[in-house]
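# Output the structure for:
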Amino acid sequence: MTSNVMGVAQEKFKNIFGSVLTNVAPASNYRGETQNNRAVLQKLTVSDGEQHTLVSAEAIRSRLREMLRDESGIKLNRSRVINPETTAKRQKKTQTDDSETEEERKDQLTVEFADLPNRNEYADDLLFGFLMIDKDRKADLQKRNGEKQGDSILRVNYAMSLDPFPSYNTYTMHQSPVASPNSAYQNAGKSALIEREVHVTAFQYPFGLNLNDLRHVRGWEKDKKDDEKYVTRHWEELSDEEKTEKKRWVALLLRTIGELDGVAGNHARTMYPFAPVSIVLRLTHRRAPEFDIYGFRPRRNGAPDESHRELIEALRNGEFPEPSEFYFGGRIVKDNDWLKSIFEQTREGSPAPEAKSVHVYATAREAIEGVVGDAGLDRTKSQPEGR
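Got it, this is the predicted structure:
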């Protein structure tokens, strides 16, 4: 059953692109394979010829999903659990064989789905996408003409360190002590020196949201025979309540980016907040951001901040026909003289003619709320002052 919406006026959506800069902190958040007793950070050589440390997009997406789980009234389909089959096999083997390997003694994580994919019911199926690979469940979907794969509305790229990783030795070394022989936590017969690579840096990462993907919302419905069918329901056919809920999911995702924490890989224990200290956003009908999504630059010895210099100069020179599509929030507003002058004049109620409606905010949180309101995602909160 496919709905026909020809002749129905379609609601226009815009895309949201963002560039996020975190604060500076010591980071050992995303390690690669261990070399001997040294925990090695993952790195990438970029255009400046230097190696920069990385945090994966998957780690960012995973933490966003977990944080959304705490939001009121939102349902998520996927969760991480200890694999009960692996645990049962391990317990059974332990009863008959004491020669299990260290890998076999570990609890293995797996993904648990509450239901078959349903982008109309579950926020994470809509926002993060899904792929059904279980043959039996895929067969169930095929019988009902269901979706086996759904693209993610959210796009995220690697988080990359603002500063290059120093070429000289910066490892911290500490000793792993021996636990008491009677301790339940003993996992080694002797102590060991452990090296860990640590990088004191900020990270920057880009994201994008294609809100036009909301147009084709698929989900389970019951037909006249009270049988469940998987049908395509276009945006214009949804009730006002359903439309409001889908927009609320996107608004909650943006706000979660504004307070992101706990992003870490490989069981890192360090606290490294990924909440933006600076953010650049664009709300546009264009399908590409059309600015450097890794445009933040480190400040050197009191020199002027060069972050997103090309974009800001283009805005000053009128190279964008709609400068009001851009939102700047946080430290970048304070560190850039032009943005700071706009902020000070708008705060006093006298907008600067040269600003041409560029939106500037004191904090990244306020910039996000400005986009949430202007995109029509959630108007339940009062919008921050700004332009």
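# Regarding this structure, what is its longest helix?
The residue-count maximum for a helix in the chain (DSSP state H) belongs to helix 240-257.
# what does that one rub up against?
With contact meaning C-beta atoms under 8 Å, 6 or more residues apart in numbering, helix 240-257 is reached by 16, 18, 20, 64, 67-68, 71, 74, 120, 123, 126-127, 153-154, 207, 209, 211, 214, 217, 235, 238, 276, 368-369, 371-372, 375-378. Every residue, glycine included, has its C-beta placed from N, CA and C.
# Can you name the next helix or strand after it?
Going down the chain from helix 240-257, the next helix or strand is strand 278-284, by DSSP states H and E.
# who's in contact with the helix or strand that comes right after that following strand?
The element immediately downstream of strand 278-284 (helix or strand, assigned by DSSP H and E) is helix 309-316. With contact meaning C-beta under 8 Å, 6+ apart, helix 309-316 is reached by 280, 291-292, 295, 297, 320, 323, 326, 336, 338-339, 354, 356, 358.
# now stretch 22-29
By C-beta under 8 Å, 6+ apart, the surrounding residues in contact with stretch 22-29 are 39, 41, 53, 55, 59, 159, 161-162, 196-204, 263-265, 268, 270-277.
# Over to stretch 173-186?
187-196.
# can you rerun that using 7 Å?
Residues from elsewhere that reach stretch 173-186 (C-beta atoms under 7 Å, 6 or more residues apart in numbering): 188, 190-195.
# Which positions in it come out as buried?
Residues of stretch 173-186 classed as buried: none (neighbour count, 16 or more other C-beta atoms under 10 Å).
# Would you mind checking the average pLDDT for that stretch?
For stretch 173-186, the mean per-residue pLDDT is 75.
# Repeat that for stretch 76-87.
Average pLDDT, stretch 76-87: 72.
# Just the ones of the contacts of stretch 173-186 in strands?
Using DSSP state E, the members of the contacts of stretch 173-186 that fall within strands are 192-195.
# What is the neighbour count of Gln204?
By other C-beta atoms under 10 Å, the residues close to Gln204 number 24.
# Give me the angle between the helix or strand it falls within and strand 278-284.
According to DSSP H and E, Gln204 maps onto strand 203-210. For strand 203-210 against strand 278-284, the angle by axes from the mean of the first three to the mean of the last three C-alpha atoms, to 10 degrees is 20 degrees.
# just checking, what packs against strand 203-210?
strand 15-21, strand 154-156, strand 159-161 (3 or more C-beta pairs under 7 Å, 6 or more residues apart in numbering; DSSP states H and E).
# how about a cut-off of 10 Å?
Counting contacts by 3 or more C-beta pairs under 10 Å, 6 or more residues apart in numbering; DSSP states H and E, strand 203-210 is packed against strand 15-21, strand 51-55, helix 57-68, strand 154-156, strand 159-161, helix 240-257, strand 278-284.
# Could I get these in JSON lines, plus columns for mean pLDDT?
Output for the helices and strands packed on strand 203-210, formatted as JSON lines (pLDDT from 0 to 100):
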{"stretch": "strand 15-21", "mean pLDDT": "97"}
{"stretch": "strand 51-55", "mean pLDDT": "92"}
{"stretch": "helix 57-68", "mean pLDDT": "92"}
{"stretch": "strand 154-156", "mean pLDDT": "95"}
{"stretch": "strand 159-161", "mean pLDDT": "95"}
{"stretch": "helix 240-257", "mean pLDDT": "92"}
{"stretch": "strand 278-284", "mean pLDDT": "97"}
